[in-house]
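A.B. asks: what's the 3D shape of this:
(2 chains)
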Amino acid sequence: MAKHHVSTIINGEPVEYLCEPQQTLLDVLRDELNLTGSKEGCSSGDCGACTVIVDGRIACSCLMLGAEAEGRKIQTVEGIAQGDHLHPVQQKFLEHAALQCGFCTPGFIVAAKALLDENLNPTEEETRYWLAGNLCRCTGYDKIIRAVLDAAAVMRQEAAQ
Amino acid sequence: MPSMSFSAPTSVDDAVKILAGASGMAKVLAGGTDLLVQLRSGRTRPELIVDTKRIPGMIGIREESAQFVIGASTPGVMIFENEALTHAWPGIVEGMDLIGSEQIQGRASLAGNLCNASPAADSVPALIAARVTCVIAGPNGKREAPVEAIVTGPGRTSLEKGEFIVEFHVPKPKPHQSDAYLRFIPRTEMDIAVVGCGVNVTLDNGGVCTDARVVLGAVAPTQIVCDEAAKALIGHRLDEPTLAALDAAAGRACNPITDKRGTIEYRIKVAGVLARRAAAIAFERAGAR
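C.D. replies: As a prediction, the model looks like this:
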């Protein structure tokens, strides 16, 4: 079967790739483009480790075909930091030790960044619901929630300056 | 996996032609949140996948004078964000919003939830309760069907080869009409309904119910339009005898199975309880407008 030629924007850069019809976006990111930050946890949309931002909305890249990405704007965890400058969510994950094994972390960071893009002042409850599609078996979540809320506070301060 | 082809047509006619021309199994792709899981597990092995999202009108919500028109592939998040629709039919929006995580909401659609044909589909009972219809495109042109005519059993629909849903027509509420949807799951998020119940009521100025639809999910092979439960409400205010009659009628309508989510007895009991609670919310909302 012929491969699909896809033109897309990934982390602000135009990217073209060839993919098989059945390859997921996650397969393409990891296996064709060597963007291995997005993780394969469950491959069924339950764990959120493969979370990416597609045209401004978070999605599980395991539940999207690579061929569907034609013309879409995709952001992965690799595009969250600006060069060496960590995004506040990343910085606060480090400071709060909001990870242990780290496998879920890229998905949490992408999802949390998307939340703060939309709402700089989420409540703890809003944050917990927003991140309900991301599973972590190490931290017990509290440190993650604290890191995200602290990052929101930093971003509010930056926005006020 | 045997070879599969993928197509993303940009018109309804092209999509119908491609679907109708498939020699083997063809699957319609909206958000993919069920389809990709089934592809991965091997539960479905289509030779063709047709992505409908590039067809104009398949994504978006349009408000007309007498109805809302919801594109079949519109993701849940856009439904949740539509203030006019949320005000008109809070129960429909609640049902869709209960499905999955934020990641799932960015992709999952009403048509996908309906055509996946799970008895537990959360968006379906409130759509049926509101007498929503779907417009179906196919080789013989377009036809309109009530939502309850689509699902014929678990994983099975009445759609013919080459057909797919293009939009939903959601009538606007009458004065003192509103709805509610509740589901029971043993946790607060990210689970599949043990029982779901959509209730849609119209009241007169005195708070007496003049029209009602009660629809149960996850208690039979398809969603059930429970006429006896609706009859228990019509002509009555929301008092205890009315609720008791509703509860009993909802329980009698159930034809559930026992599985890991609940036993037959438990589902019947919960159906009655949810019908009571959803009716109370729908009455309160209807009375407040």
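
A.B. asks: CA atoms for contacts and neighbours, from now on please.
C.D. replies: Fine.

A.B. asks: Do a quick rundown of the helices in the chain.
C.D. replies: You didn't say which chain, so I picked chain A. A:25-27, A:88-95, A:105-118, A:124-130, A:142-160 (DSSP state H).

A.B. asks: You answered for a different chain; I wanted chain B.
C.D. replies: Going by DSSP H, chain B shows helices at B:12-20, B:35-41, B:76-81, B:83-88, B:90-97, B:102-105, B:110-115, B:124-129, B:227-233, B:240-253, B:264-287.

A.B. asks: Please identify the deepest-packed of those helices.
C.D. replies: Across the helices of chain B, the average number of neighbours (mean count of other C-alpha atoms under 10 Å in any protein chain shown) peaks for helix B:124-129, which reaches a mean of 30.

A.B. asks: Spatially central, which residue of the chain would that be?
C.D. replies: Here I'm looking at chain A. Chain A has residue A:110 as the residue nearest its centroid, 2.6 Å off, counting by C-alpha atoms, centre = their mean.

A.B. asks: You answered for a different chain; I wanted chain B.
C.D. replies: Mean-position check on chain B, C-alpha atoms, centre = their mean. Result residue B:124 at 1.5 Å.

A.B. asks: Show the contacting residues for whatever residue of chain A ends up closest to chain B.
C.D. replies: The nearest approach of chain A to chain B comes at residue A:59, 4.2 Å away (C-alpha to the nearest C-alpha). Residues in contact with residue A:59 (C-alpha atoms under 8 Å, 6 or more residues apart in numbering or on different chains) are A:51-53, B:102-104, B:106-107.

A.B. asks: if I pick the residue nearest to it when sequence neighbours are not counted, what's in contact with it?
C.D. replies: Excluding the flanking residues, the one nearest residue A:59 by C-alpha to C-alpha, 6 or more residues apart in numbering or on different chains is residue B:103, at 4.2 Å. Each residue near residue B:103 by C-alpha under 8 Å, 6+ apart is listed here: A:48, A:51, A:57-60, A:133.

A.B. asks: near chain A, which residues of the stretch 1-150 of chain B?
C.D. replies: With the criterion set to C-alpha under 8 Å from any C-alpha of the partner chain, the stretch 1-150 of chain B comes near chain A through B:3-6, B:31-33, B:36-37, B:40, B:51, B:100-104, B:106-107.

A.B. asks: Let me know whether the residue nearest to the centre of chain B touches residue B:114 as I believe.
C.D. replies: Yes: applying C-alpha atoms under 8 Å as the test, residue B:124 and residue B:114 come out as touching, 6.3 Å apart.

A.B. asks: contacting residues around residue B:33?
C.D. replies: So residue B:33 contacts A:45, A:63-64, B:104, B:107-108 (C-alpha under 8 Å, 6+ apart).

A.B. asks: Pull out the buried residues from these.
C.D. replies: A:45, A:63-64, B:104, B:107-108 (16 or more other C-alpha atoms under 10 Å in any protein chain shown).

A.B. asks: which one among these gets closest to residue B:133?
C.D. replies: Checking the buried ones among the contacts of residue B:33 against residue B:133 by C-alpha to C-alpha gives residue B:108 as the nearest, at 19.1 Å.

A.B. asks: burial measure for the residue nearest to that closest one when sequence neighbours are not counted, as a count.
C.D. replies: Using C-alpha to C-alpha, 6+ apart and skipping the chain neighbours, the partner closest in space to residue B:108 is residue B:31 (4.6 Å). For residue B:31, the neighbour count with other C-alpha atoms under 10 Å in any protein chain shown is 28.
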